[in-house]
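sharing a model that was predicted from the sequence below.
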Amino acid sequence: MIDLARRDYSRSRAVLMGTWDYTDFERAPAIRRSFNRMRDLLMDPVCGQWPEESIKPFENLRTLGTTHRELIETFITATDVALFYYVGHGIYDHRERLCLTVGDTRTDANFTAATGLPFEAVRDAFHASRAAVKIAVLDCCYAGLAAEEHGRLSANRPPQVSGAYLLMSSSAFEASWYETEAVADAQTYFTKALVDTVHEGIRGAPAGLTFDHIFGVVADRLVEDGRPEPRRRVEDHAAAWVFAANNAPDAPPEPGADPDTLYREAYRRETKEGVERLPVIAAMYRAAAAAGHAPSMNRLGQIAEGRVQARMQGIEPGPVDGAALQEATQWYVKASEAGDPIGPLHLGQLYEEQYKNQDQALYWYALAARRGNGAAQERLTGLEQRIRLGFDASRQPGGESDEEPEPARPAPAAGVTVAGLAAEVWRQRWLADWDGSEPLAIAQCLDVLIDACGGPYGEWAALDEAEQKRIFTDFVASLPRRADLARAARRYYEAVGPGNLRDHAAGIRRQVK
């Protein structure tokens, strides 16, 4: 094992970049705290204490200036490790490339790439470097765009324990979040989870933590709290590079070990081993659960539902009923009784989707929300809206339609009409507002329309897939402007009338027959 206390970082370089004061974005002090926590983490003994001269800060830059050149100059001097960290607002330009913002970065797509730092500039610096290990950690909106197209960070040489590790706080076109100032010592959720995990250590993990060890725990924390699921991309052997010492006990759990140690080891095996090891993993969770460990009770509920096995096999979970459903319910009840905020969320889902019991679903969602579970609050709000509007709470997006399939529509006539040409001209002008990207226009319009219609668990969730398609097509037919998209979606929903989406979809269907 590597002795971090004796690690020499003189041939390594870390670039830390963070922006929290903006012209076109709201000021975010939480970003500053996360930037400082990441810098303090690198200089902490848990990471081997990077020396100050090996850390290059780009702290709250007002404008880009010579940032691109300084990045290259810094990483050229690195031969061991080159690490880049960014926290702030992420934005994409007219070519859907990720840009890292500074103080005067403009949100106008025509100026984004000129006033923000395209992630391609970070790749330039990595490619110029001879470092054996290259790491990028991005805590910003749309971070997943960094893995698109030319996502490689490493050069074409394979020294031992070499390669690149790209850690992203969210997927492409997904927002990342930070705590509001109402929260004491507010921070960004991703960096907070990452730094806290390193400081606390991971029970059952080796004495040296790699980013793979850390990623699994961070992802689990964020997803269970209803936050975006982080992403990663690994090249060559970068996953084997030890980033920090494990502050938790590093001995494998023995009989009678404390419940948290058993849980961490069981979870590590769950994420690393095959489905044939599931009985052993479940036995470890049961031992921890018998000692009152609520997270282990939740994992046993997930195992009973078949979700853990499905994830280990890379497939979608099948239906659950009978004894399996009863066992899952019992485990979630035990976790809830132990004061856990996740157990009642799972119970609410079971009562809403499996038992079809609205009252019980509301009760458990409300309990989880009172315990601070953001995902439960979203589901509670959506279910309350559907009940208020008189919809079947069991209907979920993507469900099977009760209607007959729509008849095939006749193919358009071969002749080109003036009206058809005019419509296409207007459509192309509309797409130009989204830089000509039809997938981007569709994705953003759908996301905003769902929010306007009560969110993913509100009235929209009461529609079947065919009805959702007709409503969305009808909304997009008005060619809403990008700058006015949220207001246009609200006006559309108000014009249709809350509670009338299904009738409106039926009316659209009759018109096209």
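Looks like it came in fine.

residue 350 - how many residues pack around it?
Around residue 350 there are 21 other residues, counting by other CB atoms under 10 Å. Just so you know, the C-beta spots here come from the backbone N, C-alpha and C atoms, and that holds for glycine as well.

on the three-state scheme, it is what?
Under DSSP: H, G, I helix; E, B strand; the rest coil, residue 350 falls in the helix class.

and it, what does it touch?
325, 328, 329, 332 (CB atoms under 8 Å, 6 or more residues apart in numbering).

quick one: those as JSON lines, columns for secondary structure and pLDDT too.
Shown next, in JSON lines, are those (DSSP: H, G, I helix; E, B strand; the rest coil; pLDDT from 0 to 100):
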{"residue": "325", "secondary structure": "helix", "pLDDT": "91"}
{"residue": "328", "secondary structure": "helix", "pLDDT": "92"}
{"residue": "329", "secondary structure": "helix", "pLDDT": "93"}
{"residue": "332", "secondary structure": "helix", "pLDDT": "93"}
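
so which of those is the most crowded?
Of all the contacts of residue 350, the most densely surrounded is residue 332 (30 neighbours; neighbours counted as other CB under 10 Å).

is it true that it touches residue 302?
No - Residue 332 is not in contact with residue 302 according to CB atoms under 8 Å; the separation is 9.4 Å.

any residues in contact with both of these two?
Residues touching both residue 332 and residue 302 (CB under 8 Å, 6+ apart): residue 346.

what comes into contact with the helix or strand hosting residue 489?
Element membership of residue 489, judged by DSSP states H and E, is helix 485-496. With contacts defined as CB under 8 Å, 6+ apart, helix 485-496 is touched by 444-445, 448-449, 451-453, 475, 478, 480-481, 501, 504.

give me the buried positions along it.
485, 488, 489, 492, 493, 496 (16 or more other CB atoms under 10 Å).

ok, now stretch 429-448?
Under the neighbour-count criterion of 16+ other CB under 10 Å, stretch 429-448 has 430, 433, 434, 435, 437, 440, 441, 444, 445, 448 buried.

identify the farthest-apart pair in these.
Comparing all pairs in the buried residues of stretch 429-448 by CB to CB, the longest separation belongs to 435 and 448, at 17.2 Å.

any low-confidence regions in the stretch 151-300 of the chain?
Low-confidence regions of the stretch 151-300 of the chain, defined here as pLDDT under 70, cover residues 151-162, 236-237, 249-257.

give me that answer again for 50
Across the stretch 151-300 of the chain, the stretches falling below the confidence threshold (pLDDT under 50) are 151-152, 154-161, 250-255.

show me where it has helices.
In chain order, the stretch 151-300 of the chain shows helices spanning 189-200, 211-224, 259-272, 278-290, 294-305, with DSSP state H, counting those that start in this stretch as the criterion.

would you format these as a markdown table with distance to residue 126 and mean neighbour count included?
Converted to a markdown table, the helices of the stretch 151-300 of the chain look like this (distance: least, CB to CB, whole Å; neighbours: other CB atoms under 10 Å):
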| stretch | distance to residue 126 | mean neighbour count |
| --- | --- | --- |
| helix 189-200 | 20 | 21 |
| helix 211-224 | 16 | 20 |
| helix 259-272 | 28 | 20 |
| helix 278-290 | 37 | 18 |
| helix 294-305 | 37 | 24 |
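
distance from stretch 42-60 to the middle of the chain?
Taking CA atoms, centre = their mean, to the nearest Å, one finds the center of stretch 42-60 at 27 Å from the center of the full chain.

please apply the same query to stretch 173-187.
Using CA atoms, centre = their mean, the mean C-alpha position of stretch 173-187 is found 14 Å from that of the whole chain.

try stretch 87-104
For stretch 87-104, the gap between its own C-alpha mean and the chain's C-alpha mean amounts to 17 Å (CA atoms, centre = their mean).

got it, and stretch 61-71?
Per CA atoms, centre = their mean, the centroid offset for stretch 61-71 relative to its chain is 28 Å.

who touches that stretch?
Under the criterion CB under 8 Å, 6+ apart, external residues in contact with stretch 61-71 comprise 15, 17, 19, 21, 56, 58, 84, 102-104, 115-117, 121-122, 124-125.

out of those residues, which sit inside strands?
Judged by DSSP state E, the subset of those located in strands is 15, 17, 56, 58, 84, 117.

farthest pair in those?
Of all pairs drawn from the ones in strands among the contacts of stretch 61-71, the one with the largest separation by CB to CB is 56 and 117; the distance is 14.0 Å.

settle it for me: which of these two has more neighbours?
Here residue 56 and residue 117 are compared on neighbour count by other CB under 10 Å; more neighbours surround residue 117, at 24 against 18.

distance check, the more buried one against residue 109.
Separation of residue 117 from residue 109 (CB to CB, to the nearest Å): 16 Å.

do residue 380 as well
Counting by CB to CB - residue 380 and residue 109 are separated by 36 Å.

more neighbours: these two, which one.
Between residue 380 and residue 109, residue 380 has the larger neighbour count (other CB under 10 Å), namely 24 against 17.

quick one, phi/psi of that one?
Backbone dihedrals for residue 380, given as degrees, to the nearest 10, come out at phi -60, psi -50.

wouldn't it be in contact with residue 366 here?
Yes - contact status for residue 380 versus residue 366: in contact at 5.8 Å, counting by CB under 8 Å.

so how far is stretch 221-241 from its chain's centroid?
Between the mean C-alpha location of stretch 221-241 and the chain-wide mean there is a distance of 10 Å, by CA atoms, centre = their mean.

measure that stretch end to end?
23 Å (CA to CA, to the nearest Å).

picking up where we left off before, can I get the buried residues of helix 485-496 in JSON lines including pLDDT?
Rendered in JSON lines, the data for these read as follows (pLDDT from 0 to 100):
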{"residue": "485", "pLDDT": "84"}
{"residue": "488", "pLDDT": "87"}
{"residue": "489", "pLDDT": "87"}
{"residue": "492", "pLDDT": "87"}
{"residue": "493", "pLDDT": "87"}
{"residue": "496", "pLDDT": "82"}
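
dump those residues to JSON lines, plus distance to residue 350.
Rendered in JSON lines, the data for the buried residues of helix 485-496 read as follows (distance: CB to CB, whole Å):
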{"residue": "485", "distance to residue 350": "36"}
{"residue": "488", "distance to residue 350": "37"}
{"residue": "489", "distance to residue 350": "32"}
{"residue": "492", "distance to residue 350": "34"}
{"residue": "493", "distance to residue 350": "30"}
{"residue": "496", "distance to residue 350": "32"}
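
contacting residues for residue 46?
Contact analysis of residue 46 by CB under 8 Å, 6+ apart lists 4, 198, 199, 244, 245, 247.

pick out the most distant pair among the residues you listed.
The span of the contacts of residue 46, defined through CB to CB, is set by 4 and 199 at 14.2 Å.

helix or strand for the residue lying closest to residue 297 once chain neighbours are set aside, just tell me which one.
In this structure, residue 297 finds its nearest non-sequential neighbour in residue 335, 3.9 Å apart by CB to CB, 6 or more residues apart in numbering. Using DSSP H and E, the element containing residue 335 is helix 322-337.

re the thing from before, of the contacts of helix 485-496, which is the nearest to residue 285?
Proximity of the contacts of helix 485-496 to residue 285, judged by CB to CB, is greatest for residue 451, which lies at 36.9 Å.

which residues touch that closest one?
Neighbour list for residue 451: 486, 489 [criterion: CB under 8 Å, 6+ apart].

measure it to residue 76 for me?
The separation that residue 451 has from residue 76, given CB to CB, amounts to 46 Å.

can you check residue 29 too?
34 Å.
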